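Colleague: predicted model and sequence follow; I will ask about them next.
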Amino acid sequence: QLQLVESGGGLVQPGGSLRLSCAVSGFRLDYYTIGWFRQAPGGEREGVSCISITDGTTYYSDSVKGRYTISRDNAKDTVYLQVNNLKPEDTAVYFCAARGLTPPQSLCRGRVEYWGQGTQVTVSS
């Protein structure tokens, strides 16, 4: 059973930070690309950052470049998204996504095989 389980969301003030985690199980992480999408209320699901587990190449959307950092810990089968300098417009449900052996940009553009259940991030004072 392939599973992606997100954690780390919460309520944070503008300018604050969070670290989101995506724990993967049921498949060899080495052969996959893992990414993060977000969906604000009434909005479309947007790919914000993706990483190739094979070679570590990354992709970031323009809206988060410079504020978000994606990383992976192969030993823990976990992908992280460090989100800094949060803004109210970052408020969304953040989803983990995966696809086998695809460029990070391709995954972030929507070529997703597997989804997690999501974790809520709310940025508000």
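Modeller: Alright, I've got the coordinates. Note that this is a predicted model, so its numbers are computed, not measured.

Colleague: what sits against the residue nearest to the spatial centre of the chain?
Modeller: In the chain, the C-alpha nearest the mean C-alpha coordinate belongs to Trp36, at 2.1 Å (Cα atoms, centre = their mean). Under the criterion of Cβ atoms under 8 Å, 6 or more residues apart in numbering, the contact list for Trp36 reads 20, 22, 47-50, 70, 79, 81, 94-97. All C-beta spots, glycine's among them, are computed from the backbone N, C-alpha and C.

Colleague: with Leu29 instead?
Modeller: Ile53, Arg72, Asn74, Asp77.

Colleague: mind giving me the PyMOL select for those residues, buried ones only?
Modeller: Of the contacts of Leu29, the buried ones go into a single PyMOL selection, burial set by 16 or more other Cβ atoms under 10 Å:
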select buried, resi 53+72+77
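
Colleague: and the contacts of Leu29 as JSON lines, adding secondary structure, distance to Val5 and pLDDT?
Modeller: As requested, the contacts of Leu29 are exported to JSON lines (DSSP: H, G, I helix; E, B strand; the rest coil; distance: Cβ to Cβ, whole Å; pLDDT from 0 to 100):
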{"residue": "Ile53", "secondary structure": "coil", "distance to Val5": "16", "pLDDT": "90"}
{"residue": "Arg72", "secondary structure": "strand", "distance to Val5": "15", "pLDDT": "93"}
{"residue": "Asn74", "secondary structure": "helix", "distance to Val5": "17", "pLDDT": "88"}
{"residue": "Asp77", "secondary structure": "coil", "distance to Val5": "10", "pLDDT": "92"}
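
Colleague: nothing else from me, thank you.
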